[in-house]
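Novice: mind looking at a prediction? Sequence and model below.
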Amino acid sequence: MLIDVLIIGAGPTGLMLANQLARRGIRPIIIDRHSGPAQQSRAMAVHARTLEIYAKLGIAARAVELGEQGNGANMWVGGRLKARIPLEEMGKNLSPFPYVLMLGQDENERIMGERLRDWGVDVEWNTELVALEQHAAHVTATITQPEGSHRTIDAAWVAGCDGSRSAVREMNGIGFPGAAYEHSFFVADTEATGPMVPNELNVYLWGKGFHLYFPMRGQNRWRVIGLLPEGLRSKPDVTFEELIPSLQQESAQGLSFTSCLWFSTYRIHHRRTERFRDRRCFLLGDAAHVHSPMGGQGMNTGLQDAYNLAWKLALVTSGRAADPLLDTYEVERLPFADKLLSTTDRAFRFVVSDSWLGGVLRTRILPNVAAIAMKPAFMRRAAFLTLSQIGIEYRASPLSRTLAGGAKDAPRAGERFPWLQLAFADGSGSEDLFQRLDDTRFNLLVIGQPAPSTERLGLGDLLATHVVPFEGENIRALAAVAITTPAHYLLRPDGHIGLAGKGVEEGEIRRWFSSCRVHLGDGEQRNRD
């Protein structure tokens, strides 16, 4: 029997992809070679864009309940607080989640795993991919089952969400160029008291490195991450007790640890796969890119990989779009991975530099620059857009088309449509636009003009139309994001703008769907495939 999608790896990326497919009516098989979900993890930060996706999945409230909201980041040097970055203020009016949620990867996996079971899909643990063969119309995967027997699965598509040592990537002969950083790092889940600002990220900078204190749910709970001091880097089996003197020396007075619940050392790599798609196989998350932990972008980036691919894969698998739509996954996500690798690598090399100049820049220049840079509102906005990943755009994608005539600063095709409070044609008061939009379909926003008839497109429930009157509070809300009337925005299921223009025309909408290889009901697109 041919299954639709086989997902290799049940970490955050694989679980997100499985959930997004299942809620769109595609039932995947998801396997993982481990015995169960992660018990510990280094990933800690959940950014605003991920929480927006969680909200659509119905798990944002649970994540916020279990996590700790980080409303700011504090920079310490020599035991003194030198700068504070106000995350909550930076993200105000940009997202319903204007903060960084401190929630470990293990908890994220547990929440997504519980949601996946709601769709009737269970992870097959202790199950490992051992062989893979691609054919014209399917992929044959051989897996080892828990009791040791082998099983063959024929799948239309395979998604490699199996980490930096991805079997899917290696079995397809796809290169993974890059290297490891020379430094060794540590991570510890602790109970500690000290000068750390509660409920916020605390960054301790010192001449030879840095320590990060992430607030965790619970009394005096902190996850501590940083560089191993020089004297311990070559020592095998380092213990947390050996590390405490260094932590206390580089912090302010009064730092005390009452317990350490988990401690590990590790190395960090920076790599990017040569391609994100090989015929019927895709690579996502750490299987496609690994980078430094600067900004806590790793887990969030993998989740966005899955969100980008899922709606496209669901359309193609259900016969509502043609195969070329799937090529846009690599077109859109690979450039972002390159940009992320470049920026995090530069920042990371600066932060971990052992040189005298690096120490001076880290302890004297960086805190002052951060304090000054966060004062202008436009700088705070730009920083939040980048850190939160709500600023990710696909303007160069073939799925993005901005028609002539729009306002210069208005949202453009490829960008995530802004979060707004709007009143709609049904006469109700203002409501959260993001809550109204259904991310399992395309959404057409028609502003200050009548809605066109879209019945002839034959998309049925795949397209929802929302009329936004240009009156009352809507005028102010739209003006804040430079939208004038008339205007229309055709949003992809992931909330990014596909088509942007002024007067809405059925012909332009038809051409956009056709160029994206989404099948129209009149058979026009099907006849071309």
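Specialist: Cool, the structure landed. Numbering: from 1, shown residues only.

Novice: flag the shaky bits of the stretch 351-500 of the chain, pLDDT-wise.
Specialist: 351-376, 406, 426-427 (pLDDT under 70).

Novice: if you set the cut-off to 80 instead, what comes out?
Specialist: Where the stretch 351-500 of the chain drops to pLDDT under 80, the residues are 351-380, 383, 405-408, 425-428.

Novice: again, but for the stretch 101-250 of the chain
Specialist: If you take pLDDT under 80 as the line, the stretch 101-250 of the chain has these spans: 179-183, 206-209, 230, 233-234, 250.

Novice: ranges for the helices of it?
Specialist: Assigned by DSSP state H, counting those that start in this stretch, the helices in the stretch 101-250 of the chain fall at 105-118, 167-171, 240-249.

Novice: which of the ones you listed sits most buried?
Specialist: Mean neighbour counts were compared across these using mean count of other Cβ atoms under 10 Å; the top stretch is helix 167-171, at a mean of 21. Yep, even glycine has a C-beta here, placed from its N, CA and C like the rest.

Novice: from residue 494, how far out is the spatially most central residue of the chain?
Specialist: Geometric centre of the chain, nearest residue: residue 300, 3.0 Å, by Cα atoms, centre = their mean. Distance, residue 300 to residue 494, by Cβ to Cβ, to the nearest Å: 14 Å.

Novice: hang on, the earlier thing: tabulate the helices of the stretch 101-250 of the chain in CSV, adding columns for distance to residue 422.
Specialist: CSV is the format used below for the helices of the stretch 101-250 of the chain (distance: least, Cβ to Cβ, whole Å):
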stretch, distance to residue 422
helix 105-118, 28
helix 167-171, 42
helix 240-249, 49
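
Novice: walk me through the domains of this structure.
Specialist: Dividing the chain into domains by automatic domain parsing, as the record does, gives the ranges 2-36+104-176+273-344, 68-102+179-272+355-392, 401-528.

Novice: tell me which of these sits most buried.
Specialist: Highest mean neighbour count of the domains of the chain: domain 2-36+104-176+273-344, a mean of 20 (counted as mean count of other Cβ under 10 Å).

Novice: now do that domain: distance to the chain's middle.
Specialist: Distance of domain 2-36+104-176+273-344 from its chain centroid, counting by Cα atoms, centre = their mean, to the nearest Å, is 14 Å.

Novice: can you check stretch 473-490 too?
Specialist: On Cα atoms, centre = their mean, the centre of stretch 473-490 falls 27 Å from that of its chain.

Novice: then that stretch to CSV, C-alphas only?
Specialist: Extracted in CSV, the C-alpha atoms of stretch 473-490 (Å, rounded to 0.1, in the frame of the first residue of the first chain):
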residue,chain,number,x,y,z
GLU,A,473,-11.4,52.2,13.6
ASN,A,474,-10.4,50.2,10.5
ILE,A,475,-9.0,53.4,8.9
ARG,A,476,-6.7,54.0,11.8
ALA,A,477,-5.6,50.3,12.0
LEU,A,478,-4.9,50.1,8.3
ALA,A,479,-3.1,53.4,8.2
ALA,A,480,-0.7,52.2,10.9
VAL,A,481,0.6,49.7,8.4
ALA,A,482,0.4,52.1,5.4
ILE,A,483,-2.6,50.4,3.7
THR,A,484,-4.8,52.7,1.8
THR,A,485,-8.1,52.0,-0.1
PRO,A,486,-8.9,50.2,-2.3
ALA,A,487,-6.6,47.3,-1.6
HIS,A,488,-6.6,43.5,-1.6
TYR,A,489,-4.3,40.8,-0.3
LEU,A,490,-4.4,37.2,-1.2
